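Peer 1: Got a sequence here, can you model it:
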Amino acid sequence: MSNRRGRSQVRRNKEIFVNFNDEEYIRLKHENQKLATKYKDEKITNTFSEACEKWALEQEQAMTLTKEKDILVQKHISMEDEKIELNKKVKVLETRINDLLAEYNEQRISTDKEAADNDIRIKSLIKSLKDMKIRETENHGHIEKLEKERNELKTSNSSHKENVKQLKLELEDNYEQFSILYQERDQLKFSISALERTVEMLKRDLKDNTAIDLSIVDLDNTVTQHSLLQFTKSFTISHNDKTFQQEIDEIEHNNAGGNIKDLTTVSIIPQTSASNNRLKSGPKNTFSGSRSTKNATVTHKKYTDNANNQKTMNVPETGYNIAIFGDSHCRELGKIAKKMTDDNISITCVTHPGKKLDHVIDSINTSKLKPSTKVYLIAGTNDLFSTKFEDIKASLDKLFKKCKELNVSLVLIPPRYDQPGINTHVRKLNVKIKHYCIEHNVQCIDPGNFLNFSHMSKDGVHLNPNGKTKLISKIIATDAEAQVENREKNTNKTNRRE
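Peer 2: Reported below is the predicted structural model:
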């Protein structure tokens with residue numbers, strides 16, 4: 001490796017000597033050649049060459065050093081500039097360090113103060129912790145005592161729940177019995193009232209017929225099966241059993257007393273399936289079998305309700321027309337009625353959802369109704385809390401005047417279950433409307449007598465399919481039995497004349 005470096009250095013020295021172009025060297029070289037020629041001595045040439053070679057190398061080194069010197073001078077100048085800049089930066093850093101030291105001193109003083117405050121706070125917390133441990137020890141016994149009481153209350157609560165379940169079952173049974181007794185009471189009232197009217201009518205007939213038939217001396221024997229028809233009806237009879245004030249007082253008394261509560265609130269409707277099934281039947285219909293008169297016959301009509309159950313409804317065999325006008329309660333009534341009746345019964349149903357009583361009455365076009373049409377009006381739900389009773393009376397007067405040539409019946413406001421206690425207001429308004437209709441000899445049907453919670457949809461306001469079926473069957477049966485009653489009255493009059 002060292003031999004290679006030596007040879008490389010020799011070649012480089014020769015290149016430097018060959019490229020040596022110094023003017024003095026060229027002049028001396030020319031004179032040296034003359035001397036060598038003159039004296040014919042090669043030593044002169046060799047000695048000159050060796051000396052000039054060293055000269056060339058020294059000059060090359062001198063030039064290299066000169067270049068390095070220039071570079072160093074430039075670096076020195078640059079470093080001087082950098083030194084000046086660094087001095088400036090040092091001054092800036094010194095200023096910043098001084099500022100940081102001052103800030104540090106301020107923070108140290110503040111931290112020392114916070115540390116002192118924290119020490120005080122820690123001592124306070126330690127004291128509070130000791131107090132809390134003391135209280136925790138004291139409360140532990142109290143908690144154990146409360147836990148024991150809670151367990152006792154749980155046991156007692158379980159016992160109370162069982163008692164509540166038992167009471168609910170008893171309440172359901174009592175409610176069912178009360179409903180049955182209430183219905184029977186109403187039926188007895190209707191029967192008694194009808195019987196009183198029948199007795200009065202028979203007394204008058206007795207006076208008229210005494211001269212013809214002296215054998216009629218026992219008034220009790222004059223009440224025949226045919227006359228008992230007057231009080232064996234399940235629908236509302238338009239007569240004044242009680243005065244208006246008596247019915248209002250009874251409603252308020254029932255709501256104020258502890259023995260009879262608002263039976264139309266959802267909270268006391270029996271929730272068991274057995275109780276609901278019993279309540280779905282509604283009031284008992286005392287009109288059964290088939291009856292015939294001289295001019296009309298009532299027979300049983302079988303139909304299938306919404307639960308695919310076979311049921312029977314009383315309809316007349318002779319054709320007749322029914323027109324129903326009302327609010328959203330009338331929706332689908334026409335379709336349901338067609339499934340329940342024969343082709344000889346024409347039923348028209350006009351629905352005005354969300355409309356009030358006045359609007360429904362205005363919609364009745366009597367010119368399109370036959371004189372024999374029985375008109376039923378189902379409205380008033382949308383008037384509750386929004387229409388004054390004086391305005392309702394004015395609307396009813398309009399109805400009586402418009403339909404004076406027609407047989408009109410009014411279906412009162414159905415019960416509602418969307419708000420607790422609302423049926424108290426419904427019943428009061430129905431009593432007012434009923435008594436006003438009685439004054440004008442207009443028959444009323446009270447849905448509260450045969451509809452209950454099981455007949456309502458989820459909103460508690462509208463009827464479900466079962467409720468609508470119940471309502472339309474009551475309307476058809478009411479109209480059919482009313483026709484039989486009218487025909488029997490006409491027959492009685494004809495018989496008395498004969």
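
Peer 1: average model confidence for the longest helix anywhere in the chain?
Peer 2: Secondary structure of the chain per DSSP state H: the longest helix is helix 42-209. Helix 42-209 comes out with an average pLDDT of 86.

Peer 1: tell me what that helix is packed against?
Peer 2: Applying 3 or more C-beta pairs under 8 Å, 6 or more residues apart in numbering; DSSP states H and E, we find helix 42-209 packed against helix 2-18, helix 23-39, helix 273-279, helix 465-497. Quick note: C-beta positions are derived from backbone N, CA and C, even for glycine.

Peer 1: ok, how many other residues are close to Thr111?
Peer 2: Thr111 is flanked by 12 other residues according to other C-beta atoms under 10 Å.

Peer 1: With Tyr104 as the reference, measure out to it.
Peer 2: Using C-beta to C-beta, to the nearest Å, one gets 10 Å for the distance from Thr111 to Tyr104.

Peer 1: Then Ser124?
Peer 2: Distance from Ser124 to Tyr104, by C-beta to C-beta: 30 Å.

Peer 1: what do you get for Val411?
Peer 2: 94 Å.

Peer 1: and these two? which has more neighbours close in?
Peer 2: Between Val411 and Tyr104, counted using other C-beta under 10 Å, Val411 has the larger neighbour count: 24 against 12.

Peer 1: In terms of mean pLDDT, which of the helices and strands packed on helix 42-209 ranks lowest?
Peer 2: Looking at the helices and strands packed on helix 42-209, the bottom one is helix 273-279 with a mean of 33.

Peer 1: Off-centre distance for the longest helix of the chain?
Peer 2: In terms of C-alpha atoms, centre = their mean, to the nearest Å, the centre of helix 42-209 is found 34 Å from the chain centre.

Peer 1: quick check: angle from that helix to helix 23-39?
Peer 2: Orientation check (axes from the mean of the first three to the mean of the last three C-alpha atoms, to 10 degrees): helix 42-209 against helix 23-39 gives 150 degrees.

Peer 1: count of neighbours near Phe400?
Peer 2: A count of neighbours around Phe400, defined by other C-beta under 10 Å, yields 17.

Peer 1: buried ones in the helix or strand where it lies?
Peer 2: Assigned by DSSP states H and E, Phe400 belongs to helix 389-402. Buried residues in helix 389-402, counted by 16 or more other C-beta atoms under 10 Å: 392, 395-396, 399-400, 402.

Peer 1: now the next helix or strand after that helix: mean pLDDT?
Peer 2: Helices and strands here follow DSSP H and E; after helix 389-402, the next one along the chain is strand 407-411. For strand 407-411, mean pLDDT rounds to 93.

Peer 1: Show me what strand 407-411 is in contact with.
Peer 2: 326, 373-378, 396, 399-400, 433, 437, 442-445, 447, 471, 475, 478-479 (C-beta atoms under 8 Å, 6 or more residues apart in numbering).

Peer 1: And for stretch 11-20?
Peer 2: For stretch 11-20, contacts defined as C-beta under 8 Å, 6+ apart pick out 49, 52-53, 55-57, 59-60.

Peer 1: at 7 Å what do you get?
Peer 2: Stretch 11-20 has contacts (C-beta atoms under 7 Å, 6 or more residues apart in numbering) with 52-53, 56-57, 60.

Peer 1: buried subset of those residues?
Peer 2: The neighbour-count criterion (16+ other C-beta under 10 Å) marks 52-53, 56, 60 among the contacts of stretch 11-20 as buried.

Peer 1: Wasn't Tyr417 part of a strand?
Peer 2: No. Assigned with DSSP: H, G, I helix; E, B strand; the rest coil, Tyr417 falls outside any strand and is coil.

Peer 1: From Ile134, how far off is Gly141?
Peer 2: From Gly141 to Ile134 the distance is 12 Å (C-beta to C-beta).

Peer 1: In terms of distance to Val73, which of the contacts of stretch 11-20 ranks first?
Peer 2: Among those, Glu60 lies closest to Val73 (C-beta to C-beta), at 20.4 Å.

Peer 1: Just the C-alpha atoms of stretch 124-131, please, in PDB.
Peer 2: C-alpha atoms of stretch 124-131 as PDB (Å, rounded to 0.1, in the frame of the first residue of the first chain):
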ATOM      1  CA  SER A 124     -58.300  20.900  57.100                       C
ATOM      2  CA  LEU A 125     -59.200  18.000  54.800                       C
ATOM      3  CA  ILE A 126     -57.300  15.500  57.000                       C
ATOM      4  CA  LYS A 127     -59.300  16.800  60.000                       C
ATOM      5  CA  SER A 128     -62.600  16.600  57.900                       C
ATOM      6  CA  LEU A 129     -61.600  13.100  56.800                       C
ATOM      7  CA  LYS A 130     -61.200  12.000  60.400                       C
ATOM      8  CA  ASP A 131     -64.600  13.600  61.300                       C
END
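
Peer 1: Where does the closest residue in space to Phe385 that isn't next to it in sequence fall, secondary structure wise?
Peer 2: Of all residues not flanking Phe385 in the chain, His425 sits nearest, at 7.3 Å (C-beta to C-beta, 6 or more residues apart in numbering). His425 belongs to helix 422-439 when elements are defined using DSSP H and E.

Peer 1: Now do that helix against helix 389-402, angle only.
Peer 2: Angle, helix 422-439 to helix 389-402, by the same axes, to 10 degrees: 40 degrees.

Peer 1: Now do helix 422-439: distance to the chain's middle.
Peer 2: Centroid displacement of helix 422-439 relative to its chain, using C-alpha atoms, centre = their mean, is 32 Å.

Peer 1: on that earlier part again, what separates the residue nearest to Phe385 from Asp99, distance-wise?
Peer 2: Distance from His425 to Asp99, by C-beta to C-beta: 83 Å.

Peer 1: Comparing the two, which residue is more hemmed in?
Peer 2: Set His425 next to Asp99 and count neighbours by other C-beta under 10 Å: His425 wins out with 15 against 10.

Peer 1: pLDDT value on the more buried one, please?
Peer 2: pLDDT, His425: 89.

Peer 1: ok, now Thr293?
Peer 2: At Thr293, the pLDDT value in this model is 33.

Peer 1: Does Lys468 touch Leu333 like I think?
Peer 2: Yes. At 5.8 Å, Lys468 counts as touching Leu333 under the criterion of C-beta atoms under 7 Å.

Peer 1: give me the number of residues near Asn321?
Peer 2: 16.

Peer 1: Assign it to helix, strand or coil.
Peer 2: From three-state DSSP, the assignment for Asn321 is strand.

Peer 1: residues touching it, list them.
Peer 2: Asn321 sits next to 346, 370, 372-374 when contact means C-beta under 7 Å, 6+ apart.

Peer 1: what is it paired to in the beta sheet?
Peer 2: Under the criterion DSSP bridges, Asn321 forms beta bridges with Ser346.

Peer 1: Would you mind measuring from it to Met63?
Peer 2: In terms of C-beta to C-beta, Asn321 sits 139 Å off from Met63.

Peer 1: Same check on Ser386?
Peer 2: Distance, Ser386 to Met63, using C-beta to C-beta: 119 Å.

Peer 1: now swap in Asp327 and tell me
Peer 2: Asp327 is 122 Å from Met63, by C-beta to C-beta.

Peer 1: Which one's more surrounded, the two?
Peer 2: Counting neighbours by other C-beta under 10 Å for Asp327 and for Met63 shows that Asp327 has the greater number, 23 against 10.
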